[in-house]
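1. A predicted structure for the sequence below; I have some questions about it.
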Amino acid sequence: MAEVVIVKNTAAAGALVADEILELLDAKPDAVLGVATGSTPLPVYQALAGRLRDRDVSQVQAFALDEYVGLDPAHPESYRSVITREVVEPLGLDPARVHVPDGSAADAQFAGERYEEAIRAAGGVDLQLLGIGTDGHIGFNEPGSSFASRTRVKTLTEQTREDNARFFDSIDDVPRHCITQGLGTILEARHLVLLAFGESKAEAVAGAVEGPLSAILPGSAIQLHPHATVVVDEAAASKLKLADYYRYTYANKPSWQGI
């Protein structure tokens with residue numbers, strides 16, 4: 001079972017996960033981070049920004065979870081642009097060491113294989129940040145995705161396109177395809193940290209943590225991982241049956257264990 005940490009707010013979540021990343025960098029200055037887009041991981045990046053100001057992070061590598069297919073990397077809503085704005089620039093990372101799937105390649109059908117090779121060449125991801133959708137998706141692994149899936153081109157559901165339309169002029173501008181790390185790829189990271197905030201995520205969180213393993217809820221794949229941490233606020237934890245147990249175990253765990 002994943003460790004579940006219930007915090008009072010997003011700022012507390014960001015500080016907690018930032019502390020874990022800093023400990024990782026202390027032990028391994030050339031750590032490989034898995035970074036996610038969207039509003040959920042922003043508190044982590046914001047907490048890290050100030051703390052990394054005086055650190056040498058020139059050896060750190062990072063890999064994004066996904067990218068749109070057919071969108072110019074210079075487009076403000078490409079994940080290359082988003083990662084640059086929200087991660088690379090605030091954290092002072094070397095842009096050449098931050099990787100995003102190439103959704104603009106003419107042979108996009110092979111971009112997933114190239115991305116897998118790049119992750120392997122880097123030695124694998126040490127800590128992967130994850131969010132979860134209201135339907136339980138992680139990355140762009142929509143319901144029905146195989147737990148063994150690798151980085152590949154996926155067709156976005158209409159619901160996902162409608163959800164993301166707020167970032168574009170109209171839904172017609174939202175790409176229909178993406179390249180996403182597969183669930184099998186994500187599960188190879190050495191530490192998974194899934195964050196979720198708000199009541200709208202409560203059902204997905206409960207299903208991912210306490211429900212049955214099922215492709216219909218891709219987030220439940222974290223139950224297969226030996227080191228997975230789920231950091232949620234009270235609202236996102238509201239449907240967890242064992243919430244009191246999670247609070248008790250976290251309050252009484254040895255401090256040296258981290259998360």
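-> Received, thanks.
2. just the helices in the stretch 51-200 of the chain please.
-> 79-83, 89-91, 111-121, 158-164, 183-186 (DSSP state H, counting those that start in this stretch).
3. quick one, which of the ones you listed is packed in tightest?
-> When you average the neighbours per residue for each of these (mean count of other CB atoms under 10 Å), helix 183-186 leads with a mean of 24. (C-beta placed from N, C-alpha, C; glycine too.)
4. neighbours around the nearest residue in space to Ser78 that is not next to it in sequence, how many?
-> Leaving aside its sequence neighbours, Ser78 sits nearest to Leu71 (CB to CB, 6 or more residues apart in numbering; 4.8 Å). By other CB atoms under 10 Å, the residues close to Leu71 number 21.
5. per-residue confidence for Leu71?
-> At Leu71, the model reports a pLDDT of 94.
6. is it true that Thr84 touches Asp94?
-> No: assessed by CB atoms under 8 Å, Thr84 is found out of contact with Asp94, at 11.9 Å.
7. Neighbour count: these two, which is higher?
-> Applying other CB under 10 Å to Thr84 and Asp94 shows that Thr84 carries more neighbours, namely 17 against 13.
8. So which elements touch the longest helix along the chain?
-> Ranked by residue count and defined by DSSP state H, the top helix of the chain is helix 10-27. Packing contacts for helix 10-27, counted by 3 or more CB pairs under 8 Å, 6 or more residues apart in numbering; DSSP states H and E, involve strand 3-7, helix 42-51, strand 127-130, strand 191-196, strand 228-233.
9. got these as a markdown table, with mean pLDDT and distance to Arg161 columns?
-> Below are these laid out as a markdown table (pLDDT from 0 to 100; distance: least, CB to CB, whole Å):
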| stretch | mean pLDDT | distance to Arg161 |
| --- | --- | --- |
| strand 3-7 | 98 | 31 |
| helix 42-51 | 96 | 22 |
| strand 127-130 | 98 | 21 |
| strand 191-196 | 98 | 22 |
| strand 228-233 | 98 | 27 |
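10. Nearest to Phe167, out of these?
-> Comparison of the helices and strands packed on helix 10-27 against Phe167 by CB to CB identifies helix 42-51 as nearest, at 14.3 Å.
11. mind listing what's buried in the closest one?
-> Leu42, Pro43, Val44, Tyr45, Gln46, Ala47, Leu48, Ala49 (16 or more other CB atoms under 10 Å).
12. Report the inter-axis angle for that helix versus strand 228-233.
-> Calculated by axes from the mean of the first three to the mean of the last three CA atoms, to 10 degrees, helix 42-51 forms an angle of 100 degrees with strand 228-233.
13. quick one: stretch 49-66 to chain centroid distance?
-> Relative to its parent chain, stretch 49-66 has a centroid offset of 15 Å by CA atoms, centre = their mean, to the nearest Å.
14. how far does that stretch stretch from start to finish?
-> Taking CA to CA, to the nearest Å as the measure, stretch 49-66 stretches 22 Å from start to finish.
15. ok, and what's touching it?
-> For stretch 49-66, the external contacting residues (CB atoms under 8 Å, 6 or more residues apart in numbering) are 18, 22, 25, 29-37, 79-80, 83, 87-88, 90-94, 97-101, 115, 118-119, 122, 125, 130, 139-140, 178-181, 186.
16. Please pick the buried ones from these.
-> Buried among the contacts of stretch 49-66 by 16+ other CB under 10 Å: 18, 25, 31-37, 79-80, 83, 87-88, 90-93, 97-101, 115, 119, 122, 125, 130, 139-140, 178-181, 186.
17. pretty sure Ser238 is in a helix, no?
-> No: counting by DSSP: H, G, I helix; E, B strand; the rest coil, Ser238 falls outside a helix, being coil.
18. That's all I had, so thanks and see you.
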